[in-house]
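Engineer: Sequence isn't available, so here's the structure alone:
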């Protein structure tokens, strides 16, 4: 079955409301709630004094109502008594400001005091609810790294030094890795090393990059501390935690997901942005590709959020469309933040399944209808999405790309989405994978901007192309190694042979630059241009103005049995990727009208074609062969599907 | 008489200049000066060592010249020796930065050390100058809360805890009031509570709101500390302090003004803004309504200020016009900052009655002419302004409205002025009053945006409408209670019966939305829209586009003997309020050409019609009955008044 | 000879690369390198343990290759061990944040600990390399004040107090100088004085101004500490340090340059800005005028930098053009930052003579060609530039001008360049000199905006005009004295007699204001306008709109044997300065097509006319008399010179 539900914070409400909750959950088709995320202060009101009784009642009520619980470990917000007794657990910013309690995430991830108190609580929880009929999944912490992306305190500094010692072994190895000959930064002793706190000017970039790595690992350390307790006491209960999506970049999912049993995501596309579903789609492909297995949409908003400058509700139909989009792209669970809208607190204007206005509201009607609909298609659970195209993504490269003092300030997500959107619009299904992943199953690999490239990953690409793969690499890729040191010998040194060229100079743009293709057609480039010297590649397009006039802009190079393209500017990517995918033999899921997303989930016996109309006009989609719409009349095969604005169909074939 | 004068800082100048000051004051018609605001370091150069001799001379000189003194308590800027000996009196920002001396207001309002030193000085002052012939009014402190709107230090934290204890009694009451179940913020002990210092994300909103209240009260505590000394020693001398206007919102005037004998305001309309007089007018109506009695304009600029990005002088005639505007709206005193322009210091480019260039300057000529003119109409003093319309304003609601994480960032002053300006332009006189005020004397009550609404105030409105009043409520009013907790059951819950509707969803806008009125006319809405469900009200206008097309936008509801309007967007308010005021039987003071402000002050025997031409073209105003212009020839009644650009007339009838 | 070379950081590279360096230096015509700037951690890896061997090898290699060394004292970035052992040497911001190591300049200039360690190292260096055949110049520190413009720590505070005591003698003198009567800031004891740390509002401006002076002197103290060691041990080796140009204003060059043997500048014009060479020209004239002797261009970029938001390479020909411009304006040395592009660290994307791509790159080809070209004209060394026009510049006035709370935020560089550019464009050579300099040798003195004017400098101007000089003064000059106290009696009081007028009011603009000249022509003014009262001057132009309509805008006054102009707004300055220079008898170097810069360097026997085409089109320049181009065929005199885009010629006559 596909799970459906929401975050559930029972401590907000008195008993009579909680009793009504169970009735409304049944009405809304809720099958799972994420409970207890902020219950620490409720179950442990004083150090070591536990009051689980009320929570036992909540669990019992949910079990009785047949609602499964994704049970939080309750450690996301330590109670005021903890930071009052141990102010040193409060996180510190790069400028030395120690953050105050009164919000959430007010802990230093490296704090042994915080971790010990968290582990003690988790031990209590796991022992108490092991085998509970409602318990389905453990939800460790919550949105790690969402607000406190790194802590710069002295405890973190010591932890960072230990982490570096493990990574580098000797101080000389660290000095080499960090290029500390530059600006006389050579360390003579581990004790001299600090986090990259505010400095007179740009701090050492390798130090910054390693601190990103360390901070992800420090948060992972919190996760693993709790995970170890859970594994010991409830070895058969699956474990997850919820990533906050791509609004921030604190955690390297690639190092986290191996420790999770199921991967979960929070997703908050902006209802004001007509293209927000594309960024969401990218995140869904990324989270799905992490394990190549179904994932959980652990949070989304039923309607408006409260944290943007302007927070619009989702218009009628949008929450249904967005939820089905997640399922289409591989989710087996669709949950909201949150069940019942809070009266007080910082998120009281965040929408919920049960709004301030109660049951007789558009939001409750729409969420309840969705719950009934999802319950009709249990067969979708466990089915898989398959892709012929991989787009490469790597967190350290993202971190490195967005460090200071570069030729220009490039943004990883902008570049990713610029390359992803034309494929999405063409209904070409993508995986988004790590550069070290086996790529041989893909017909095409897209590298939008992989600034940091380890030699092993370059070799992975070399083998892929040599053995017949098609590769597209855009500008400012393959520039540095894992320590943010430029690969010497002409950029992008580790890819020069594959691409058949050398980049001598980076010429970032502040306006368009004309392009002329070899066939005489024209276009313009944006953001970036380069001084490229060909070394075997052919110029597919050249710059046609400015100081680079006549020099190559886009190139193609036969390498081994494959083909490697290089894109030294930002041209119109839809036609270019159209040409490249055609050459690579990549075909769309379906020819559909603009605005219609088409994805297939494959079961063992059937395939399920999802059609999602992201537009605000009705459209008709011709089907290659008759198939019934599981959300309509499952007994009547259709030759064409009429989709209302924001309409959805699931065709079984 | 109407008092006229300026801040006077004699310590800036040697004796010979002070002697010239007395002559120039006589020439300029000065009758009152505010003296000694920054004299602390001068009269107490070392702890407990007083040197009052030079100030005695100043007081004697002023008395001899017949100039009254609004005597400052000198505590606005403690001397360097105090913060040097007690660095803990220096205020601390939310990010923990302790502010340095070298400017002004460098004290923590909660500091017992500061308060004790201040009280000791005030004791000296009051004892010394009690009964002095020059002493007319005490001016406590100066511009409380202007720069240091709140202090986040540990002393303030302890004081905040004491304040909370007094407010809530038990920690559980506080937990309930603050909704600390949200994000696990439950306090187990008072000692755990802190000011809302910088936190990982949005701090608890009720904590923020209470800290606003506390910070106003902490400053009020300073005022009351000094007031108690003054009351004891000089029980018959009236006491005031000067509010800095609406450029900031630190102080809740509603809790302050009961402690003042006369209310004072500083007013700095921007000469570059052709509508600045409307915002000034709003502030004057607000300050007048506080006690419904004449007030003092304690500071305004003769010409340019020095603290905006661009500081323009007042063009010829503007200082006269602006000063008469204050009198028209109820002021009985018109003072400037300051008498003589300083040579050094942070305000040396702020204008003064006597500029750097001395007596032979446009500014001195204009201020001296104004002094002579004010002296001609002593009969205006004590007369009152009357209004048929009340606009509701509440500081905690303002604070609450502008907290973070709302549907959109609304600004209280923008909303107030949007509703006030059409009434001002129509010469409909308004009071601006607290929601708890008796409203039955008004024909119309306007609620531009009263986000926070206590149940008692809702009852006040209910009684008002039920007994025949006309009420207009704009969007996002009546949303939360005094603890920033949403009133449950459909917005605006406490007003639903009066308004005959329910608001399900907030749809803030970033562009215009078309409106269609029931009579077929059209308009457009801005800033905000809503999903409104009618429950008895009629739709006067509906949205005519977007996802809300066809749904109600502006409604009217007969309730009891009265009528309640609701405005769910920002339409053109001039025609709408025109219709509503007509229906409520509210009439303008006078039909005057655009740009002419008309206000009446009522004496026991006469009424005084002020006509103020805020435009830059001459205009003619027809009078309903012949009346003489007291500023022209008081013996010649006029049928019409010719106003020069920036011209003023005071017609006695 | 003209020296040519780059910063050389040998510690970045292993021996084999250093060996290649020497070969490539020879190929590129390198004659001098600045070595060792960041070698402290390399030569003193632990406190007091020196490892000079590797640096000896570098020096020996350079000597063997005939490359001279501008030897850095290596103190620009203390090693981590120093701040680890003495965290109090780390600088502190105005908000109390202590800056962290990990970048560069991480020292408090007032720190006795830092200075002692620096002096100890310099003693070692000077002793070791005294008399070394490679040693040519000492380069003390590096880019003093570039990132840490001031330190606000307690050590600095104590040093500031000592500096003030020396400046003022008594606390009462300081109180008077700082106008501490304002806002009750009177100090009773030196110990109470602090740096202008973050305060509740504008800190005392005289305190700010003196802290600027102090901070420049604190950095100078570091320079002098090292200089004293060097003078003692190597009395015959000249000493320099490199100013970072006008991107910041921390150091008062006027107080620094007397202590240098040769003045050096770093210059980084933005390749994206087509007028960047004008700002560079201004800086070159300023640095040349400091000693009226040849100077060293100690750093420039061969191509792109890395610290702007967008960093473009220099297009072909630009580095040659820019280098020759520096020579034309008096430089005898042209060096780059840096020799070989670093692989890691914060500046790895900063261009270098040897880029990441190595020798076979456009940058190396162009830098090597330039080296060969410079070697052809050794006779230029030592020749001088002469100017008939002086533009006045003063650092304290710059600091004062850009303090807070002024009529509007004027920017010194904007005003300087607005006046300088028309003269530059007309090929009228300027000196840029201090207001105290003897001005009698100039035909015209331009005062773009000398906010702070000491009486002695006003007298200097008075004598200059009275004895026949021509003077142009623009608005907001002569306003305050050296303590930022307004000169009383009508602005600009110290110049009123010379200018024949009085300025009553400042009217800063946010848009254009029409102007009408006495001859009926029209123009418009920007940025500023004023209420001017004539006192002997004639109105050359008047405002023709707004509240100032009909009042004087630009005036001319015969004073003694000279003429003084006043410009109370920003008109089109090219025609106005054209009229004024003509009247003053100032003539251009040459009538040249637009975009061509013409400057003459005078030797004892010959004069050298530099023609620099800053445009991107070829142009032809007619010569007054035939002369050979030393960069072309020196044996063939030309009647006209054809300059390619970005072309250069040096004509010997």
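Structural biologist: Thanks, I have it. Keep in mind the model is a prediction, meaning the values are calculated, not measured.
Engineer: Would you mark the buried spots in the longest helix along chain A?
Structural biologist: The longest helix of chain A (DSSP state H) is helix A:205-233. If you call a residue buried by 16 or more other Cβ atoms under 10 Å in any protein chain shown, then helix A:205-233 has these buried ones: A:205-227, A:229-230, A:233. Every residue, glycine included, has its C-beta placed from N, CA and C.
Engineer: and that helix, average pLDDT?
Structural biologist: When pLDDT is averaged along helix A:205-233, the result is 98.
Engineer: The helix or strand that it is followed by: partners in the sheet, and parallel or antiparallel?
Structural biologist: The helix or strand immediately downstream of helix A:205-233 is strand A:239-240, counting by DSSP states H and E. Strand A:239-240 pairs in its sheet with strand A:135-139 (parallel), by DSSP bridges.
Engineer: Show me what the helix or strand following the partner strand is in contact with.
Structural biologist: Downstream of strand A:135-139, the first helix or strand assigned by DSSP H and E is helix A:154-168. The contact list for helix A:154-168 (Cβ atoms under 8 Å, 6 or more residues apart in numbering or on different chains) reads A:88, A:92, A:108-112, A:150, A:174, A:177, A:190-191, A:193-195, A:210-211, A:214, A:217-218.
Engineer: at 6 Å what do you get?
Structural biologist: Helix A:154-168 has contacts (Cβ atoms under 6 Å, 6 or more residues apart in numbering or on different chains) with A:108, A:110, A:111, A:174, A:190, A:193, A:194, A:195, A:214.
Engineer: Briefly note if the following helix or strand past it comes near chain C.
Structural biologist: Using DSSP H and E, the helix or strand that follows helix A:154-168 in sequence is helix A:171-177. No. With Cβ under 6 Å from any Cβ of the partner chain as the criterion, chain C is not reached by helix A:171-177; the gap is at least 8.4 Å.
Engineer: Might you calculate how far helix A:171-177 sits from the centre of the chain?
Structural biologist: The gap between where helix A:171-177 is centred and where its chain is centred comes out at 33 Å by Cα atoms, centre = their mean, to the nearest Å.
Engineer: try stretch A:382-394
Structural biologist: Per Cα atoms, centre = their mean, the centroid offset for stretch A:382-394 relative to its chain is 14 Å.
Engineer: Which residues does it contact?
Structural biologist: Here stretch A:382-394 makes contact (Cβ under 6 Å, 6+ apart) with A:330, A:428-433, A:435, A:442-447, A:450, A:586, A:601-603.
Engineer: Please indicate which of these are buried?
Structural biologist: Applying 16+ other Cβ under 10 Å to the contacts of stretch A:382-394 flags A:330, A:428-433, A:435, A:442-447, A:450, A:586, A:601 as buried.
Engineer: which helices and strands does the biggest strand by length in chain A pack with?
Structural biologist: What stands out as the longest strand in chain A, according to DSSP state E, is strand A:619-628. On a contact count with 3 or more Cβ pairs under 6 Å, 6 or more residues apart in numbering or on different chains; DSSP states H and E, strand A:619-628 meets strand A:637-643, strand A:648-652.
Engineer: Next to chain B, which bits of chain A? Give me the list.
Structural biologist: A:11-12, A:38, A:40-41, A:45-46, A:77, A:79-81, A:84, A:97, A:99-100, A:102-106, A:147-148, A:306-307, A:310-311, A:313, A:315, A:342-346, A:348-349, A:356-357, A:361.
Engineer: so of the residues you listed, which ones are in strands?
Structural biologist: Short answer: the residues of chain A next to chain B have none in strands (DSSP E).
Engineer: Pull out the buried residues from these.
Structural biologist: If we count by 16+ other Cβ under 10 Å, the residues of chain A next to chain B have these buried: A:11-12, A:38, A:40-41, A:77, A:79-81, A:84, A:97, A:99-100, A:102-106, A:147-148, A:306-307, A:311, A:313, A:315, A:342-346, A:348-349, A:356-357, A:361.
Engineer: Contacting chain C as well, which ones from the residues you listed?
Structural biologist: Among these, not one lies near chain C by Cβ under 6 Å from any Cβ.
Engineer: Can you tell me the strand partners of the longest strand of chain A and which way each runs?
Structural biologist: Using DSSP bridges, strand A:619-628 pairs in its sheet with strand A:637-643 (antiparallel).
Engineer: so for the partner strand, what's the average pLDDT?
Structural biologist: Average pLDDT, strand A:637-643: 97.
Engineer: So which bits of that strand are buried?
Structural biologist: A:638, A:641, A:643.
Engineer: ok, so of the residues you listed, who is nearest chain C?
Structural biologist: Closest to chain C out of the buried residues of strand A:637-643 is residue A:643 (44.0 Å), distances taken as Cβ to the nearest Cβ.
Engineer: Kindly state the beta-bridge partners for the closest one.
Structural biologist: residue A:619.
Engineer: can you tell me the residue of the stretch 551-653 of chain A closest to chain C?
Structural biologist: Counting by Cβ to the nearest Cβ, the stretch 551-653 of chain A gets nearest to chain C through residue A:551 (11.0 Å).
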